[in-house]
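J.: With the sequence up front, the predicted model follows.
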Amino acid sequence: MERRLQQRAKLGSVSVLEVAGEGALSDLLNLLQAYLPSKDTERSNEAPSDQVIWVHLGVNSGASKFAIERRAINEATFRCPDEMGWKPQRSPIVAADGLSHVRETDFPVPELVDSLVKKGFNVALSDDAAR
């Protein structure tokens, strides 16, 4: 996998968002609209150079490893307020998608996790993004 990624991957851009959940929403929605395919476009028609990889570093104070997620759930539930005092409970992130909407990646996440573990990184595969 690593060789395959090195041959095909090219970093096109990087966006760093506000840490506080509510403060990041408008930037996140703009990025979603700019990079995710609409219902009218087929993702399978994209060339590899047109594919987008999202990396989200969440917060889990009880974690002993970094969790590499395969899917994201359209729900914000915080156990404690973020830096701006926001403490959502079962709030949709993208209102139009509904609370239970799930986005899954077709990126080979298990291969990525295996590769990182072999290099000594303390990571694990996760199918349940904390909400």
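T.: Good, I have the coordinates.

J.: Can you get me a residue count around residue 26?
T.: By other Cβ atoms under 10 Å, the residues close to residue 26 number 11. Using the backbone N, CA and C atoms, a C-beta is placed for each residue, glycine as well.

J.: ugh, typo on my part, it should be residue 13
T.: Neighbours of residue 13 under the rule other Cβ under 10 Å: 7.

J.: what's the answer for residue 87, then?
T.: 15.

J.: Pull the contacting residues for it.
T.: Applying Cβ atoms under 8 Å, 6 or more residues apart in numbering, one finds that residue 87 lies in contact with 78, 80, 81.

J.: any idea which helix is longest in the protein?
T.: Ordering each helix of the chain by length in residues (DSSP state H) puts helix 21-35 first.

J.: buried ones in it?
T.: By 16 or more other Cβ atoms under 10 Å, the buried positions in helix 21-35 come out as 21, 22, 24, 25, 28, 31.

J.: could you give me the average pLDDT of that helix?
T.: The pLDDT scores in helix 21-35 average 82.

J.: The residue positioned nearest the centre of the chain sits in which helix or strand?
T.: The centroid of the chain falls nearest to residue 56 when counting by Cα atoms, centre = their mean (4.5 Å). Per DSSP states H and E: residue 56 is located in neither a helix nor a strand.

J.: residue contacts, it?
T.: 69, 72.

J.: Tell me how far it lies from residue 64.
T.: To residue 64, residue 56 is 19 Å away according to Cβ to Cβ, to the nearest Å.

J.: and what of residue 77?
T.: From residue 77 to residue 64 the distance is 22 Å (Cβ to Cβ).

J.: low-confidence ranges in the protein?
T.: 1-9, 37-50, 130-131 (pLDDT under 70).

J.: ok, which stretches of it are strands?
T.: Under the criterion DSSP state E, the chain contains strands at 66-69, 71-73, 102-104, 123-126.
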